[in-house]
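A.B. asks: Predicted model follows, preceded by the sequence.
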Amino acid sequence: NGFIGYHLLNTLNTKDKFQVLDFDRSYFQNNNLIDQFITNSDVVVHLAGVNRDKSEMKIFETNIDLAKKIAESIERTNFSGKLIYISSTQEDNNSSYGRSKKESREILSTLCDKLSVDFSSLIVPNVFGPFCKPNYNSFIATFCNSIITKKTPKIIENNNVKLVYINNLINQIIFEFTSVSSIRVIDYDVEIKVESVLEKLNSFNETYLKKGNIPNISNRFELNLFNTFRSYINLKSFFPQEHKINK
């Protein structure tokens, strides 16, 4: 149901060799349901977690609890498939989220070593792409939504950020289905200042929304950023646009 899961699901549904099993967050509260899901799976991708909450303790405890429930189910069912855990480059920043991601990875890795279960973990930088939830875990999503709804985006920290586009991440997750067990840091697509991203998004707004022109796209990152920006347009209220005839 989350951002990465949504894109992973849609991509897998275009490939005939994969069958995606339904999973609901309520399964975490029911041992029989989660055990049935684990038993019937060849590959389990663990994306579930909490990024933000008013309580830092709740973020930490929830993420650890989810990892433990998966670990317990793997042990109960004698799972013989592959477990892929998606972690974050925030593992070492001492935040509740970062610490919970690292500890969750260690819980799952230790158990899989003990049971000889195939385990991989991808340590992922900042992810961006279409349909990410604004005001949650992606400043790009927040910027896009603010610009299109005519609000003023605010830069909290003008840091250099390492970004990976969602489609590139999804391809690497799928590659991991058949690769050897590993803990792998995902390569980022670009490292860029927050203000530079905002400048590009503002230029898309001026060129595309206000003037009706396709902006100058000079590289793959700008194309991915433009497609991300367009996903926040309210299609019902924005279209149709009248064609202005210039003579």
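C.D. replies: Looks like it came in fine.

A.B. asks: The closest residue to G212 other than its chain neighbours in helix, strand or coil?
C.D. replies: Leaving out its chain neighbours, the residue that sits closest to G212 by C-beta to C-beta, 6 or more residues apart in numbering is Q241, at 6.3 Å. Just so you know, the C-beta spots here come from the backbone N, C-alpha and C atoms, and that holds for glycine as well. Under DSSP: H, G, I helix; E, B strand; the rest coil, Q241 falls in the coil class.

A.B. asks: Can you report how many residues lie near Q241?
C.D. replies: 8 (other C-beta atoms under 10 Å).

A.B. asks: list the buried ones in the longest helix belonging to the chain?
C.D. replies: Counting residues, the longest helix found in the chain (DSSP state H) is helix 56-77. By 16 or more other C-beta atoms under 10 Å, the buried positions in helix 56-77 come out as 59-60, 62-64, 66-67, 69-71, 73-74, 77.

A.B. asks: Check the offset of it from the chain's centre.
C.D. replies: 19 Å (C-alpha atoms, centre = their mean, to the nearest Å).

A.B. asks: Could you give the average pLDDT over it?
C.D. replies: Mean pLDDT, computed over helix 56-77, is 95.

A.B. asks: after that helix comes which helix or strand?
C.D. replies: Beyond helix 56-77 on the C-terminal side, the first helix or strand identified by DSSP states H and E is strand 82-88.

A.B. asks: Contacts only, for the closest residue to V124 other than its chain neighbours.
C.D. replies: Excluding its sequence neighbours, the residue lying closest to V124 (C-beta to C-beta, 6+ apart) is I186, at 4.9 Å. Contacts for I186 (C-beta atoms under 8 Å, 6 or more residues apart in numbering) come out as L122, I123, V124, P125, V164, L169, Q172.

A.B. asks: roughly how far apart are I186 and F221?
C.D. replies: Distance of I186 to F221, given as C-beta to C-beta, to the nearest Å: 16 Å.

A.B. asks: if we can go back for a sec, ok, the buried residues of helix 56-77 vs N234, which is closest?
C.D. replies: Among the buried residues of helix 56-77, I59 lies closest to N234 (C-beta to C-beta), at 31.2 Å.

A.B. asks: quick one: terminal-to-terminal distance for stretch 21-41?
C.D. replies: Its first and final residues considered, stretch 21-41 spans 8 Å by C-alpha to C-alpha, to the nearest Å.

A.B. asks: try stretch 12-22
C.D. replies: Chord length of stretch 12-22, first to last residue, is 13 Å (C-alpha to C-alpha).

A.B. asks: And for stretch 153-163?
C.D. replies: Stretch 153-163: ends 19 Å apart by C-alpha to C-alpha.

A.B. asks: which residues touch it?
C.D. replies: Stretch 153-163 is contacted by residues 89, 125-128, 139-140, 142-143, 146-147, 188-195, 197-198, 201, 221 when judged by C-beta under 8 Å, 6+ apart.

A.B. asks: next one: stretch 103-110
C.D. replies: Here stretch 103-110 makes contact (C-beta under 8 Å, 6+ apart) with 46, 49, 63-64, 66-68, 70-71, 83, 85, 87, 91, 119, 121, 183.

A.B. asks: Perfect, that will be all.
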